[in-house]
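Participant: What follows is a predicted structure for the sequence shown.
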Amino acid sequence: MFYERPVVRLLGMPHSFQDFLLGLRSFDVSISSDWRVQRLKNLIDGNPARVRWNLDQLSEQLGLQMSGRQARRLFKESFGMGIKEYAKKKRLEVAAQQLRTTDVPVKAIAIDAGYLHVGNFTRSFLKHFRLCPIEFRRLLRETNTKD
């Protein structure tokens, strides 16, 4: 019996993977997903803060011809995460972008991201980025002034 070394295949350029790890770029996991799931994803991407609707009603409004339960199942199969989790991630990414590019107070950014309480926003942001929003903004500003 001979041991054969495993072969590692590069699925893209190394910098693409670094961008993915740093959150600068996201990979579209599902290229061949259902058109209904793509329509749901596009709705969430367009306005992640507003995704708090009843999925049965939302499916009907979008003309998806499926139940909310089926929408949740298909979405999770296509993207590897639930609709609420995906929407929360998008809301936090939009908030991070606002923290990077504007001087808007954190409270206003939290409200824009769909959070009713700043504490909940800070807790979610801290869990996702491992920094509270104020530290995130300060760290980015220090980095930009050094360049």
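Facilitator: Thanks, I have it.

Participant: From now on I want contacts and neighbour counts done on CA atoms only, so please keep to that.
Facilitator: Noted.

Participant: Which helix or strand lies directly C-terminal to the biggest helix by length in the chain?
Facilitator: Taking DSSP state H as the criterion, the chain has its longest helix at helix 83-101. As assigned by DSSP states H and E, the chain's next helix or strand after helix 83-101 is helix 106-112.

Participant: re the thing from before, so which bits of the longest helix of the chain are buried?
Facilitator: 83, 86-96, 98-99 (16 or more other Cα atoms under 10 Å).

Participant: could I get those residues as JSON lines with pLDDT and distance to L140?
Facilitator: Shown next, in JSON lines, are the buried residues of helix 83-101 (pLDDT from 0 to 100; distance: Cα to Cα, whole Å):
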{"residue": "I83", "pLDDT": "91", "distance to L140": "30"}
{"residue": "Y86", "pLDDT": "93", "distance to L140": "25"}
{"residue": "A87", "pLDDT": "92", "distance to L140": "24"}
{"residue": "K88", "pLDDT": "93", "distance to L140": "22"}
{"residue": "K89", "pLDDT": "94", "distance to L140": "20"}
{"residue": "K90", "pLDDT": "94", "distance to L140": "20"}
{"residue": "R91", "pLDDT": "94", "distance to L140": "19"}
{"residue": "L92", "pLDDT": "96", "distance to L140": "16"}
{"residue": "E93", "pLDDT": "95", "distance to L140": "15"}
{"residue": "V94", "pLDDT": "94", "distance to L140": "15"}
{"residue": "A95", "pLDDT": "95", "distance to L140": "14"}
{"residue": "A96", "pLDDT": "95", "distance to L140": "10"}
{"residue": "Q98", "pLDDT": "94", "distance to L140": "12"}
{"residue": "L99", "pLDDT": "95", "distance to L140": "9"}
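
Participant: Many thanks, we can stop here.
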